[in-house]
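Undergrad: Could you look at this predicted model? Sequence included:
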Amino acid sequence: MELLQYTSPADRTRVKSRPCDPGARHLAFRVKNIEGVIAACRQAGVIPVSPTVPEHADGPAKGLKGVYTTDPDGIVIEFMEDPRIQD
């Protein structure tokens, strides 16, 4: 995986797509402690664009929690905690 941040040209724009839009792209990371990740993001100045998703009560997503943030270029970064997955 290669992560880049372009700083020029001066007229470059940020990505404005949402995860549900056709052609949208995002990075997703599985984490162990989503509340800790959100706190670390806030400390770094990265504000979640959605509140933490409540733990799903049933169905195939039972137990999952997730949150979306964006990087400086507007790319969506998703963090997902799945308590069913062990190390």
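TA: Cool, the structure landed. Worth saying up front: this structure is predicted, and the values here are computed from it rather than measured.
Undergrad: any idea which element the one residue sitting closest to the centre of the chain lies in?
TA: Closest residue to the average C-alpha location of the chain: E78 at 2.0 Å, with C-alpha atoms, centre = their mean. Secondary structure from DSSP states H and E places E78 in strand 76-81.
Undergrad: who does that strand pair up with?
TA: strand 26-31 (parallel), strand 65-70 (antiparallel) (DSSP bridges).
Undergrad: Downstream of the first one, the next helix or strand is which one?
TA: Scanning forward in sequence from strand 26-31 by DSSP H and E, the next helix or strand is helix 34-43.
Undergrad: Would you mind listing the buried residues in that following helix?
TA: Using 16 or more other C-beta atoms under 10 Å as the test for burial, helix 34-43 gives 34, 37-38, 41. Glycine gets a C-beta too; all of them are placed from N, C-alpha and C.
Undergrad: List just the nearest of those residues to G59.
TA: Using C-beta to C-beta, I34 comes nearest to G59 of these, at 19.0 Å.
Undergrad: From what I see, the closest one and L64 are in contact.
TA: No: taking C-beta atoms under 8 Å as the definition, I34 is not a contact partner of L64, at 9.7 Å.
Undergrad: Now the common contact residues for those two.
TA: Common contact partners of I34 and L64 (C-beta atoms under 8 Å, 6 or more residues apart in numbering): 80-81.
Undergrad: Output the strand holding E78 in CSV, but only the C-alpha positions, please.
TA: Output in CSV follows, covering the C-alpha atoms of strand 76-81 (Å, rounded to 0.1, in the frame of the first residue of the first chain):
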residue,chain,number,x,y,z
VAL,A,76,-12.5,8.3,4.0
ILE,A,77,-10.8,6.1,6.5
GLU,A,78,-13.0,3.6,8.3
PHE,A,79,-12.2,1.9,11.6
MET,A,80,-14.1,-1.3,12.5
GLU,A,81,-14.0,-3.3,15.7
